[in-house]
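K.L.:
build me a model from this:
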Amino acid sequence: MANDQELPPPVLPEHEGAILPVPPTLPTTASLEAALEAMRSSLREVSDPSTEEEQLTGNCVLVLEGEQLVGILTERDAVRWALSDLPPHQILLGAVMTHPVISRQRHECLDILATMSLLRRHRIRHLPIVDERNQPAGIVTISSLNRVLKETFFLRFRQAVEVMSTAVVTVRAQDTLRHAIQTMALRGISCVVVTEPITGRRGPSRERPIGILTERDILQMRRLDLALGTTRVEEVMSTPLSCIHPADDLAAVRDRMQKLRIRRMVVANDAGELVGLITESNLMQSIDPVDLYGVYEILQRQVNILREGQFQLLSRQRFDLSRALANREFKLVYQPLLNLSQGRSNQPRP
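P.N.:
Got it, this is the predicted structure:
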């Protein structure tokens, strides 16, 4: 059997599946309004509605100077400017984009686990892919990595309660949209959960989740030009909620998120009380790349062992067959039925 030094490196998932097409691009002189419209238009483009894979890249815009990448505008960036006194058509991308932007060339993303570590280390959700001229060539997102890694085995034995965020930021249904946006911008979060108090119970105050307001919802509201100071959260929140239980295993949670094409899920207990929130980032952070490397290496070694055993078994069978032929052992089996040398059967006639 081959020794450890001769074993090939672990076979990791194909990186190409994690690289999505180039998202919308705009120059630095374009307006925030143009960027928001580009995001909305891209979000309406689904590659194959019959599949559960969401091939959308419309939650960001790449900002170019000439043809070179110089910045990125995400939904979170746009939310920070939703409260600006200036109208979106007067705000230039060059003033609101994230710059400098972290990017990589395609050959630098061959190791998908290293790419996952990069996103985790910099706490980003988008990694633009550029060519040798620093021109956009694609993008990697947390969503695309989660699909390619297919870490169901690693999530199957862990529960939602182990990785969920318990410090959930909430608002009331009667709060204004301006208050909700200010809360999201100040906290640097992607959503707020809308709750109502649970009355008639002793003990600590509990809340029941009744809706959610996300970055994407905010961008849609800005398009409708709603009055932020008078529009109430209950008028624009997403409801009813699809909640999960703290004891649900993470593999089921991940599959449910992908099926519903959402990036976060509210966690509620048996009494319907809010206990946490799980996002795609939580799922990714629950998987340690070092552990993945180790498991892939173990699996690769097992495959090599099985292949070596199969080879030895076949070699042994070929040796036994050759020895049997050399000893004319097959004649003892077939001659009572058929005399091959004379071409007639030796079986008694009925």
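K.L.:
relative to residue 75, how far out is residue 215?
P.N.:
Noted for residue 215: a distance of 4 Å to residue 75, by CB to CB, to the nearest Å. In this view, the C-beta of every residue, glycine as well, is placed from N, C-alpha and C.
K.L.:
what do these two both touch?
P.N.:
residue 190 (CB atoms under 8 Å, 6 or more residues apart in numbering).
K.L.:
average pLDDT for stretch 34-48?
P.N.:
Across stretch 34-48, the average pLDDT comes to 71.
K.L.:
what of stretch 279-298?
P.N.:
Per-region confidence: stretch 279-298 scores 69 on mean pLDDT.
K.L.:
one more: stretch 107-119?
P.N.:
Computed over stretch 107-119, the mean pLDDT rounds to 83.
K.L.:
swap in stretch 236-248?
P.N.:
Averaged over stretch 236-248, pLDDT sits at 91.
K.L.:
kindly report the same for stretch 196-204.
P.N.:
For stretch 196-204, the mean per-residue pLDDT is 71.
K.L.:
can you check stretch 306-318 too?
P.N.:
On average, the pLDDT along stretch 306-318 is 70.
K.L.:
run through the strands of the stretch 201-350 of the chain in chain order.
P.N.:
Under the criterion DSSP state E, counting those that start in this stretch, the stretch 201-350 of the chain contains strands at 207-214, 264-268, 274-279, 338-339, 344-345.
K.L.:
now those strands as TSV including distance to residue 302 and mean neighbour count?
P.N.:
Converted to TSV, those look like this (distance: least, CB to CB, whole Å; neighbours: other CB atoms under 10 Å):
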stretch	distance to residue 302	mean neighbour count
strand 207-214	43	21
strand 264-268	34	22
strand 274-279	32	23
strand 338-339	46	12
strand 344-345	50	10
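K.L.:
now for the ones you listed, which one comes closest to residue 128?
P.N.:
Between residue 128 and the strands of the stretch 201-350 of the chain, the shortest gap by CB to CB is with strand 274-279, which sits at 21.2 Å.
K.L.:
got the strands of the stretch 201-350 of the chain as JSON lines, with distance to residue 101 columns?
P.N.:
Written out in JSON lines, the entries for the strands of the stretch 201-350 of the chain read as follows (distance: least, CB to CB, whole Å):
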{"stretch": "strand 207-214", "distance to residue 101": "23"}
{"stretch": "strand 264-268", "distance to residue 101": "24"}
{"stretch": "strand 274-279", "distance to residue 101": "22"}
{"stretch": "strand 338-339", "distance to residue 101": "79"}
{"stretch": "strand 344-345", "distance to residue 101": "84"}
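K.L.:
nearest to residue 163, out of those?
P.N.:
strand 274-279 (6.7 Å).
K.L.:
tell me which other helices or strands the closest one touches.
P.N.:
Using 3 or more CB pairs under 8 Å, 6 or more residues apart in numbering; DSSP states H and E as the contact criterion, the elements in contact with strand 274-279 are helix 160-163, strand 191-197, strand 207-214, strand 264-268.
K.L.:
for the first one, what is the average pLDDT?
P.N.:
Model confidence over helix 160-163 averages 90 on the pLDDT scale.
K.L.:
next one: the longest one
P.N.:
This predicted structure assigns strand 207-214 an average pLDDT of 94.
K.L.:
so that strand versus strand 264-268, what angle?
P.N.:
Interaxial angle, strand 207-214 versus strand 264-268 (axes from the mean of the first three to the mean of the last three CA atoms, to 10 degrees): 180 degrees.
K.L.:
next, the angle from strand 207-214 to strand 274-279.
P.N.:
Using the same axes, to 10 degrees: strand 207-214 against strand 274-279 is 30 degrees.
K.L.:
show me what strand 207-214 is packed against.
P.N.:
Taking 3+ CB pairs under 8 Å, 6+ apart as the contact definition, the neighbouring helices and strands of strand 207-214 are strand 191-197, strand 264-268, strand 274-279.
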